[in-house]
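Visitor: coordinates for the following, if possible.
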Amino acid sequence: MENGTYFYFMLFENLGYIRYVFFSLGFILYCAIILFNVIIMLVIFLERTLHQPMYILISCLSFNSVFGTAGFFPRALTDLLSDTHSISREACVLQTVVIFMYAANEFTILMVMAIDRFAAISKPLQYHNIITPRFLIVSVGINVAYPIILLSIGGLLSTKLRMCGNKLFKVYCHNYEVVKLSCESTVINNVIGLFILITTTVIPISLILYSYVKILIVCQKSSSQFKGKAYQTCIPHIVVLLNFSIAVISDVTLSRVVNVELPIWLSVFLSLEFLIIPPILNPLVYALNLPDIRKKIICLIKASR
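Guide: Coordinates of the predicted model:
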């Protein structure tokens, strides 16, 4: 095969029989991710009292988790059972776009959630004039379109590069790792990659932190009862934000900053954390911490018996 036409996932090599253990664990985890997130989406869709901006955005998070993990798990599980671990350049670009669109969408949805909570807590009387159905539709539309456009441009540019290698020391396609295999100048690719990182990660996180700081200031001036209600709705979002931010920072640091040799198992875990932990943790956080969702899930389970 022509160099650069196919890439090879080197970390799947020489796993021996332990690959069946990894396959079993990965399959169980993937099924749990789909089950938990589908339950959240189903409960919010079926229960009309949950047709509110906050819960609609939570269902968007669950849908995004199903979308993002679909870009990783089926391919990785197939590779674990296969003797060949190659992927075409086109399929590699597609996987990159799907996985990093998931990451970009997660931050954008969390940003809209923070704005929603800020409006609900600081301007309760004007809330329905600020967070309108049109606002949600436009936000979700931009949330989907913007990462697709940017990541597609980044992926297209990487396909134009001449490759001097085809070995990826990852278990999924990572655009930065692909670009590093090029023999040509990658300045444009790196600039666009940095721009994507800033606009889809740094800016949303900054707006999220600003919103929650303003919420905290409002709460400090309010009654203890008001504080309790505000914290009850905000804490799950903050837990989800911290969890995902740490996972993404680990992956970015591992790929672009850290230049030390790490044990393979640790390197793989850090690079996969944002694809494994948030999709399974998010629905549990919301199911356990938001009474409205928890009650409806219990009712749904009882009704299915």
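Visitor: how close does L266 get to E273?
Guide: Between L266 and E273 the distance, using Cβ to Cβ, to the nearest Å, works out to 11 Å. (Glycine included, C-beta is placed from N, CA and C.)
Visitor: neighbour-wise, which of those two wins?
Guide: With other Cβ atoms under 10 Å as the criterion, L266 and E273 differ in neighbour count, and E273 comes out ahead with 19 against 10.
Visitor: where does this structure dip in pLDDT?
Guide: Low-confidence regions of the chain, defined by pLDDT under 70, span residues 1-4, 254-262, 304-305.
Visitor: check the offset of the top helix by length along it from the chain's centre.
Guide: Selection of the longest helix in the chain by residue count, based on DSSP state H, yields helix 89-122. Centroid displacement of helix 89-122 relative to its chain, using Cα atoms, centre = their mean, to the nearest Å, is 6 Å.
Visitor: what of stretch 25-43?
Guide: Between the centre of stretch 25-43 and the centre of its host chain there is 15 Å, according to Cα atoms, centre = their mean.
Visitor: tell me the buried residues in it?
Guide: Residues of stretch 25-43 classed as buried by neighbour count (16 or more other Cβ atoms under 10 Å): G26, Y30, I33, I34, F36, N37, I39, I40, M41, V43.
Visitor: likewise stretch 159-175?
Guide: Within stretch 159-175, the residues scored as buried using 16+ other Cβ under 10 Å are L161, M163, N166, L168, K170, V171, Y172, C173, H174, N175.
Visitor: about what we covered before: nearest to A247 among the buried residues of stretch 25-43?
Guide: A247 has its nearest neighbour among those in I33, at 14.2 Å by Cβ to Cβ.
Visitor: distance of the closest one relative to G26?
Guide: With the distance defined as Cβ to Cβ, I33 ends up 10 Å from G26.
Visitor: do I264 as well
Guide: With the distance defined as Cβ to Cβ, I264 ends up 16 Å from G26.
Visitor: gap between the two ends of stretch 121-139?
Guide: Distance between the boundary residues of stretch 121-139 (Cα to Cα, to the nearest Å) amounts to 20 Å.
Visitor: what residues sit buried inside that stretch?
Guide: If you call a residue buried by 16+ other Cβ under 10 Å, then stretch 121-139 has these buried ones: I121, S122, Y127, I131, F135, L136, S139.
Visitor: and those residues as TSV, adding distance to M101?
Guide: Formatted as TSV, these follow (distance: Cβ to Cβ, whole Å):
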residue	distance to M101
I121	30
S122	31
Y127	30
I131	24
F135	22
L136	19
S139	16
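Visitor: from these, pick the one nearest V93.
Guide: Within the buried residues of stretch 121-139, proximity to V93 (Cβ to Cβ) peaks at S139, which comes in at 27.2 Å.
Visitor: can you show me the helices along the stretch 1-150 of the chain?
Guide: Ranges of helices within the stretch 1-150 of the chain are 18-46, 53-70, 73-81, 89-122, 127-130, 133-159, based on DSSP state H, counting those that start in this stretch.
Visitor: could you dump those helices to a markdown table with distance to K296?
Guide: Written out in a markdown table, the entries for the helices of the stretch 1-150 of the chain read as follows (distance: least, Cβ to Cβ, whole Å):
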| stretch | distance to K296 |
| --- | --- |
| helix 18-46 | 5 |
| helix 53-70 | 10 |
| helix 73-81 | 27 |
| helix 89-122 | 19 |
| helix 127-130 | 22 |
| helix 133-159 | 20 |
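Visitor: among those, which comes closest to N190?
Guide: In this view, the helices of the stretch 1-150 of the chain are compared for proximity to N190 by Cβ to Cβ, and helix 133-159 is the closest at 10.2 Å.
Visitor: give the pairing partners of the following helix or strand past that closest one; include direction for each.
Guide: Scanning forward in sequence from helix 133-159, with DSSP states H and E defining helices and strands, the next element found is strand 167-168. Strand pairing for strand 167-168, determined by DSSP bridges: strand 6-9 (parallel).
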